[in-house]
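A.B. asks: Give me coordinates for this.
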Amino acid sequence: MTDFSDFKAAIKDWANREDWSDVLTTSYVRMAEQKLNQDLRIDRMIKASNNTVTDRCAVLPDDWLAMNFVSIANSNAPNGWMPIRYKSRDEFFQLTDCNAYFYYTISGRTITFGGTPNTIEGVPFQISYYGEVPVFADDTNSWVYTKFQNLYLFAALMHADLHAVGEENSALALKAQVDDAISKLNAQHLFSKSSGSRITRTRTRSFG
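C.D. replies: Numbers count the residues shown, from 1 in each chain. Here you go, the predicted structure:
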């Protein structure tokens, strides 16, 4: 058992709507999860996936939202993995195999790798990506509820008010709180990724 039933009860209490059905309340939770998947990008969403590409292309994980880091197996790399960079499709497909070796591009939910494909053994690759938040349920816990309960609650209540007659102003106020919380969490994540780096000061050239 999880805290899912408690979360739905809290939504009803905050909205003062004990008459809401379990199905309706759950739908507001699912809408909140869609909002988080659309806008939230933090460290707890980062996942890893390993695969082998044999014919240039591979399908991205089903819960993939955005890329964080991509590397391919290379015996010349210090740790056996060589980082490669994203390039837009219009630029990527103009490159020769030799020049495209250090790049990848994405079309829909398919990632395409540069370089000459190895159709026999394939080329191992690994990606670090932002995955969807957990679907909170009776048998599935959610770190969003554990770590960011207010954000989760307000996102669900926002959608509840959006579907209620006369609650438009309340929905807008909740949306502002949700968007502000997401922006701060995203900014904190970006800052934390480089928080251990040394500060590089720009050298000022003197004239004289």
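A.B. asks: where do the strands sit along the protein?
C.D. replies: Ranges of strands within the chain are 46-53, 57-59, 64-73, 81-83, 85-86, 103-107, 110-113, 123-131, based on DSSP state E.
A.B. asks: mean confidence for the shortest one?
C.D. replies: What that stands for is strand 85-86. For strand 85-86, the mean pLDDT works out to 96.
A.B. asks: Going by contacts, tell me the helices and strands next to that strand.
C.D. replies: Packing contacts for strand 85-86, counted by 3 or more C-beta pairs under 8 Å, 6 or more residues apart in numbering; DSSP states H and E, involve strand 64-73, strand 103-107. (C-beta placed from N, C-alpha, C; glycine too.)
A.B. asks: Show me the contact partners of it.
C.D. replies: With C-beta atoms under 8 Å, 6 or more residues apart in numbering as the test, strand 85-86 has contacts from Met67, Val70, Phe102, Tyr103, Tyr104, Thr105, Ile106.
A.B. asks: Distance check, Asn169 against His189.
C.D. replies: Distance from Asn169 to His189, counting by C-beta to C-beta, to the nearest Å: 31 Å.
A.B. asks: Looking at the two, which is more packed in?
C.D. replies: His189 (17 against 9; other C-beta atoms under 10 Å).
A.B. asks: That one touches Leu40, doesn't it?
C.D. replies: No. At 9.2 Å, His189 does not count as touching Leu40 under the criterion of C-beta atoms under 8 Å.
A.B. asks: returning to what we had before: could I get the strands of the chain in JSON lines, plus columns for mean neighbour count?
C.D. replies: Formatted as JSON lines, those follow (neighbours: other C-beta atoms under 10 Å):
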{"stretch": "strand 46-53", "mean neighbour count": "14"}
{"stretch": "strand 57-59", "mean neighbour count": "14"}
{"stretch": "strand 64-73", "mean neighbour count": "16"}
{"stretch": "strand 81-83", "mean neighbour count": "14"}
{"stretch": "strand 85-86", "mean neighbour count": "11"}
{"stretch": "strand 103-107", "mean neighbour count": "18"}
{"stretch": "strand 110-113", "mean neighbour count": "18"}
{"stretch": "strand 123-131", "mean neighbour count": "18"}
